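*Asks:* let's see this in three dimensions:
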Amino acid sequence: MRSLRGKVVVITGAGSGIGRALALRCGQSGARLALGDIDAAGLAETALMARQVGATAVHTEVVDVAEGAAVDAWADRVAGHFGGVDAVINNAGVSLSGPFVDLEVKDMEWIMAINFWGVVHGSKAFLPHLIASGDGHLVNVSSLFGLISMPTQSLYNASKYAVRGLSESLREEMLVAGHPVQVTVVHPGGVKTGIARNGRAAAGEDQAELARKFDEQLARTTPDEAARVILRGMLAGRPRVLVGADAHVVHALATLVGARYQDVAARLSKRFDAR
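*Replies:* A predicted model of the protein is given here:
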């Protein structure tokens, strides 16, 4: 796939942030859009914006990616509506912060259901349609924290490492089977989205303060820039895409120093908490 014109592109988490930016850029490029999100209002706003920038076909559905049966049904409806599916971007994600010992099991299950199982459901439901397209592309959004770990992000790390492992294995399986589907896993650094503000935290954590620090100190990349980099990497057929200077720098450092990066991460975390 070298162009999005006329292609049917499915995007989860399209109601805001990177998902919305992806929808707008795909729409501007002539793609036909199938947009899903659990936020009906945000999804409707994205659809309106996509049409305003020139998208000719926009199909929306409120869908919870944590529910496998719902995603299966959505995939069938999208394929029936458009006659096929060419690309899927599993972007929906949430955050959970706090020391592991303080996290509630229900919150651990919540983040894994969306961040990991949401990607599993999207990949499983749409992959047959991507294979049938003859030129499909599956894009799964992991995180910089799917390449390196950070304290107070244990379950977020776990979910994003799992997305990476799933995606890389799927790519290998497509190559072994000779299926015409490319697979790309995306690792964004800090992006200016609402993920921290809308996430959850362990008891005793100040969620508003955590979100403020993320927004002011860590989020350096705009959603539009993230979307540009992701789509450029997808169309170039790259197996891995890093988004943001922070992702490149931190990943390079971790690669250079090996497992000792964990000591550096611990020190940086203390400094971040003190601010």
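*Asks:* what distance separates the longest strand along the chain from the centre of its chain?
*Replies:* For the chain, the strand that runs over the most residues, judged by DSSP state E, is strand 181-188. Strand 181-188 has its C-alpha centroid displaced from the chain centroid by 10 Å (C-alpha atoms, centre = their mean, to the nearest Å).
*Asks:* and that strand, average pLDDT?
*Replies:* The pLDDT scores in strand 181-188 average 98.
*Asks:* measure Leu24 to Asp72 for me?
*Replies:* Using C-beta to C-beta, to the nearest Å, Leu24 is found at 27 Å from Asp72. Yep, even glycine has a C-beta here, placed from its N, CA and C like the rest.
*Asks:* can you give me the helices for the stretch 151-275 of the chain?
*Replies:* With helices called from DSSP state H, counting those that start in this stretch, the stretch 151-275 of the chain shows them at 154-177, 207-213, 223-235, 245-257, 261-274.
*Asks:* looking at these, spot the one closest to Val10.
*Replies:* Val10 lies closest to helix 223-235 among these, at 12.8 Å (C-beta to C-beta).
*Asks:* tell me which residues of that closest one are tucked away?
*Replies:* By 16 or more other C-beta atoms under 10 Å, the buried positions in helix 223-235 come out as 223, 225-227, 229-231, 233-235.
*Asks:* again with stretch 79-95
*Replies:* So, applying 16+ other C-beta under 10 Å, buried residues of stretch 79-95: 79, 82, 84-95.
*Asks:* what about that stretch, distance to the chain center?
*Replies:* With C-alpha atoms, centre = their mean, you get 12 Å for stretch 79-95.
*Asks:* average pLDDT for that stretch?
*Replies:* Mean predicted lDDT for stretch 79-95 stands at 98.
*Asks:* endpoints of it, how far apart?
*Replies:* Taking C-alpha to C-alpha, to the nearest Å as the measure, stretch 79-95 stretches 31 Å from start to finish.
*Asks:* shift numbering so it begins at 312
*Replies:* Done: numbering now begins at 312, and the last item shifts to stretch 390-406.
*Asks:* which elements pack onto the helix or strand of the chain with the lowest mean pLDDT?
*Replies:* Within the chain, no helix or strand scores below helix 572-585, which has a mean of 80 by mean pLDDT, DSSP states H and E. Where contact means 3 or more C-beta pairs under 8 Å, 6 or more residues apart in numbering; DSSP states H and E, helix 572-585 is packed against helix 556-568.
*Asks:* what's the offset of the helix it packs on from the middle of its chain?
*Replies:* Per C-alpha atoms, centre = their mean, the centroid offset for helix 556-568 relative to its chain is 20 Å.
*Asks:* hang on, Val575 packs against Val568?
*Replies:* Yes. Counting by C-beta atoms under 8 Å, Val575 does reach Val568; the two are 7.2 Å apart.
*Asks:* about what we covered before: narrow the buried residues of stretch 390-406 to those in helices?
*Replies:* 390, 393 (DSSP state H).
*Asks:* show me the buried residues of stretch 390-406 that map onto strands.
*Replies:* When these are checked against strands (DSSP E), the matches are 398-401.
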